[in-house]
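*Asks:* Build me a structure from this.
(2 chains)
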Amino acid sequence: MAKYTEDDLKVELENKEYEYGFYTDIESETFPAGLNEDIVRAISKKKNEPEWMTEWRLEAFRAWREMVEPEWANVHYEKPDFQAISYYSAPKKKDKYASLDEVDPELLDTFKKLGISLDEQKKLAGVAVDIVMDSVSVATTFKKTLAEKGIIFCSISEAIQEHPELVQKYIGSVVPQKDNFYAALNSAVFSDGSFCYIPKGVRCPMELSTYFRINQGGTGQFERTLVIADEGSYVSYLEGCTAPSRDENQLHAAVVELIALDNAEIKYSTVQNWYPGNKEGKGGVYNFVTKRGLCETNAKISWTQVETGSAVTWKYPSCVLKGDNSIGEFYSIAVTNNFQQADTGTKMIHLGKNTRSTIISKGISAGKSQNSYRGLVQIGARAENARNFSQCDSLLMGNQCGAHTFPYIESKNATARIEHEATTSKIGEDQVFYCNQRGIPTEKAIALIVNGFSKEVLNKLPMEFAVEAQKLLEISLEGSVG
Amino acid sequence: MLSIKNLHASVEDKDILKGINLEIKAGEVHAIMGPNGAGKSTLSSIIAGNENYEVSEGEIILDGEDISELAPEERAHKGVFLSFQYPVEIPGVSVTNFIKTAINEKRKANGEEEMPANEMLKKIREKSELLEMDRKFLSRSLNEGFSGGEKKRNEIFQMAMLEPKLAILDETDSGLDIDALRIVANGVNKLKNENNAVLVITHYQRLLDYIIPDYVHVLMDGKIVKTGGADLALALEEKGYDWIKSELN
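*Replies:* Residues are numbered from 1 along each chain as shown, chains lettered A, B, ... in the order given. The predicted structure follows:
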C-alpha cells in the first residue's frame, strides 16, 4: 500500500484552493479610481450625509495627504497605489431591503457559499447579522427583536442618518482621524460599516455579528465600526471576513472603535479569513486595520481574534484603560502559511488606578511565512497598582518560516506589576510519530497539536465561532509540517 | 503472530540491527534484554514504523502480512502498540481527548463507526481504575508536567484502551518506583490473553519479576545472541552481560 508522506501532504496543501474564492456576479456601482477631495465629497453625497460628516471626512483627507505610510512593521510588500483604487463600490440597488425576498438572489447565494445563509441565521437563535459587501451594508437581520430592548444595530450610514447625535459624539473619539496613515484614509473614504449602541443596563440577548466581504475587483474596502456600550451594559460582537481570490492585492483598511462606559463590557471576536494569496505569494488582501477600545470606570473590553487570512496583516487591537478598575484583554491566534506576513499584537494603555490587562498571543507559522507579535504595555504615572500579564507563544512548522516577538513595556509608575512570558516551539517529528503510533494520521495529528496549542484562545470564542475557527486552522495548515 | 526475518537497519549510515530473527506467537510474553547501545529501542521503533530508520533488509510479518512498508498509523490500526520509553508532551490536548481521537481513528480505518460517547466514558473509567489513575489526571494535558511514573502509567492506560494485538513495552520500568512498577505490571498482566502478545524491552530484570516472560532474548551489537527462559534474565542480573560476551568469544 502506498504511503501518504509529508511530501504528498505538501502537494495537497499547495493545490488546495482558497475555499471562499468565488466571485459573485452582481451589478455594482463603482466610482472611478483615484482619490481627491471631490471623491471624498462624492462618497459623502452618495450617502446623503449631513455637512458635519462631510467636513469630518475632508479634515481626515487633508491630514492623510500629509502623512506617509508607516514602515516600522516587520512586513515587506509593494506599496499600494492609492490613486489606482476605487473608493466606492456598492451592489446596485437603490433601497434598503425590507425583507429577504427583495435581496438579490445572487447575493443570497454568496451568503450560502459563505456558510451564513440568512435563512439559517434567522432560525439560529441568538445571532443577528449585518453584512457588508464591498462597501455597503446590505442586510441587517433581527433589527426588530433588538429594537424592543432599545438596542441599535445597523449600518453606520444608517446611524449617521438616524442617530447623528451618537455618531457625532463618538466617531473618532477613540481612533482620531489623524491617528495613523490608514486610519486617516479610512476616516476620509469609509463607505459603510456597522454601528451598535447598547442602552444603559441592557444585556444584549444575542451575539451581534457582521460579515465583511470584498467582491468587486480593484476596489478597496474601508469599513468603519462603532460600538457603544452605555453604562452597565453588555454586548458580544462577532466579525467575519472573506474575499474572492484575485491576482492583484486588495486593500482593506478598517477602523473599529469600541466605547465601554462605566461598568459596561464589550466582547469583540474576529475570525479573519481574507484571501491570503496563492502559494507563490501572488495576490491576497492587504489588511491594515486600526482597532481600539476605550474603557471607563470598571469597564471591560476583550478582543479575541483568529487571523488566518490576508497576504499582509498590520493590526493591533488595543485597549485604553482610562477608568479606574477597568480591564483589557487580548486573545489572539495568528496563522501564517506560504508567503503570508503578519505583524499583529496589541496595545494596553493603563491610565486609571487598579487597571488590569491580559495578553495571550499564539502565533503559528508555516511555509515561508513570517509571523510577528508586537505589543505595547504602557503604564501611566497615575495608574497605581496596574497589572499586566502577557504570554506570547510561537509554534513553527518546517524550517523556512519565522516567528518574531517585539514586546514593548513602558512604565511610569513604580507600583505596576508586569509579567511577560514567551515560548517558541516547533511541531516535533517525535510528537507526530507518537500520534501516528496511536493510529492518528499526520494531518489529523497536526490539527490536534495546533488546536491544543491554541486552546486557551479558542476557549474564549463564542461556541459557533469556535467551531468555525477550528476548521479554519485545519484548512490553513494542512500538510505544512516539514 | 509476529515474525521478524533477517532484519537489518541503520540510522545515518550506521548499522544498528544486523540480522534479527524473532518469532512471537499469540499468548506469549517475550523479553529482549541487552546492554546500552545494543539496538533494543531501535528494534521497537522499527516495528512501530519510525521513518528515521532505514530498513535495508529483512521482513516484519504480522499475522501473515509484511508490514515493513506500512505507515506507522497503519501498523497501529492493525494492532501494533508501542509504549514509549520517553512519551512526548502535547500541550493543550487532554489525555481523554487524545485517546478518544486515537480510538476513533483506528475504528474509522477499520471501517467501524465512532465509539458512542457513553461506551467511551465507561471504558475510560474502567481502564483508568485498572491503572489506579486519578480522575483528574484524565483532563490534564497529555504528558505535560507528568512525573516519570505518571507517564508510564498513561502509556499502559492507552494500551488498555486500544487493546492491541502486539504490545511493545520499551523500557517501561525506567523511572518507576516500586509501587508504580507493581501497578503497571499488574495492568499489563490483566490485559494479557491468548490472543495477544507482549514484547518487553528492558535493561534490568526487575520488571520481569512481575511480568513473567516465556522467552528471554539477549540482544548484543544488533544481533540476538542468546535465547532462553525466564531464568536467563536472572542469570544476567547476577552475572551481567560480560559473561555472555566471553561465552561468545
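*Asks:* Going by proximity to chain A, name the top residue of chain B.
*Replies:* Among the residues of chain B, residue B:92 lies nearest to chain A; the distance is 2.9 Å by C-beta to the nearest C-beta. Every C-beta, even on glycine, is put in place using the N, C-alpha and C of the backbone.
*Asks:* List phi and psi for that residue.
*Replies:* Here the main-chain torsion angles of residue B:92 (degrees, to the nearest 10) amount to phi 80, psi -10.
*Asks:* Would you quantify the distance from the closest residue to it other than its chain neighbours to residue B:158?
*Replies:* Closest residue to residue B:92 in three dimensions, ignoring its sequence neighbours and counting by C-beta to C-beta, 6 or more residues apart in numbering or on different chains: residue A:452, at 2.9 Å. The span separating residue A:452 from residue B:158 equals 17 Å under the rule C-beta to C-beta, to the nearest Å.
*Asks:* what's the answer for residue B:8, then?
*Replies:* When residue B:8 is compared with residue B:158 (using C-beta to C-beta), they lie 30 Å apart.
*Asks:* ok, the two, which is more surrounded?
*Replies:* Shown here are residue B:8 and residue B:158; by other C-beta atoms under 10 Å in any protein chain shown, residue B:158 has more neighbours (24 against 16).
*Asks:* That one belongs to a helix?
*Replies:* Yes: assignment of residue B:158 by DSSP: H, G, I helix; E, B strand; the rest coil places it within a helix.
*Asks:* tell me the contacts of it?
*Replies:* The contact partners of residue B:158, by C-beta atoms under 8 Å, 6 or more residues apart in numbering or on different chains, come to A:438, B:81, B:83, B:99, B:102.
*Asks:* so which of those residues would you say is closest to residue B:75?
*Replies:* For the contacts of residue B:158, the residue nearest residue B:75 by C-beta to C-beta is residue B:81; the value is 9.4 Å.
*Asks:* Please report phi then psi for that closest one.
*Replies:* Main-chain dihedrals, residue B:81, degrees, to the nearest 10: phi -130, psi 130.
*Asks:* For it, which non-adjacent residue is closest in space?
*Replies:* Setting aside the residues directly before and after it, residue B:81 is nearest to residue B:164 in space (C-beta to C-beta, 6+ apart), at 3.4 Å.
*Asks:* burial measure for residue A:54, as a count.
*Replies:* Using other C-beta under 10 Å, residue A:54 has 16 neighbouring residues.
*Asks:* tell me the SS of it?
*Replies:* Assigned with three-state DSSP, residue A:54 falls in the helix class.
*Asks:* surely it meets residue A:46?
*Replies:* No: using C-beta atoms under 8 Å, residue A:54 and residue A:46 do not qualify as a contacting pair, with a distance of 11.1 Å.
*Asks:* re the thing from before, when you filter the contacts of residue B:158 down to buried only, what's left?
*Replies:* Members of the contacts of residue B:158 that pass the buried threshold by neighbour count (16 or more other C-beta atoms under 10 Å in any protein chain shown) are listed as A:438, B:81, B:83, B:99, B:102.
*Asks:* with those in mind, which one is nearest to residue A:221?
*Replies:* Nearest to residue A:221, judged by C-beta to C-beta, of the buried ones among the contacts of residue B:158 is residue B:102 at 44.1 Å.
*Asks:* Rounded mean pLDDT for the helix or strand hosting that closest one, please.
*Replies:* Applying DSSP states H and E as the criterion places residue B:102 in helix B:95-109. Model confidence over helix B:95-109, given as mean pLDDT, is 95.
*Asks:* Could you list the low-pLDDT ranges of the stretch 201-350 of chain A?
*Replies:* Across the stretch 201-350 of chain A, the stretches falling below the confidence threshold (pLDDT under 70) are A:212-220, A:241-249.
*Asks:* Could you give the number of residues near residue 40?
*Replies:* I went with chain A, as the question did not name one. Under the neighbour criterion other C-beta under 10 Å, residue A:40 is assigned a count of 21.
*Asks:* The chain in question should be chain B.
*Replies:* A count of neighbours around residue B:40, defined by other C-beta under 10 Å, yields 21.
*Asks:* For the closest residue in space to it that isn't next to it in sequence, give me the backbone phi and psi.
*Replies:* Across the structure, with C-beta to C-beta, 6+ apart as the measure, the residue nearest residue B:40 apart from its sequence neighbours is residue B:201 (4.9 Å). Per-residue torsions, residue B:201: phi -110, psi 120 (degrees, to the nearest 10).
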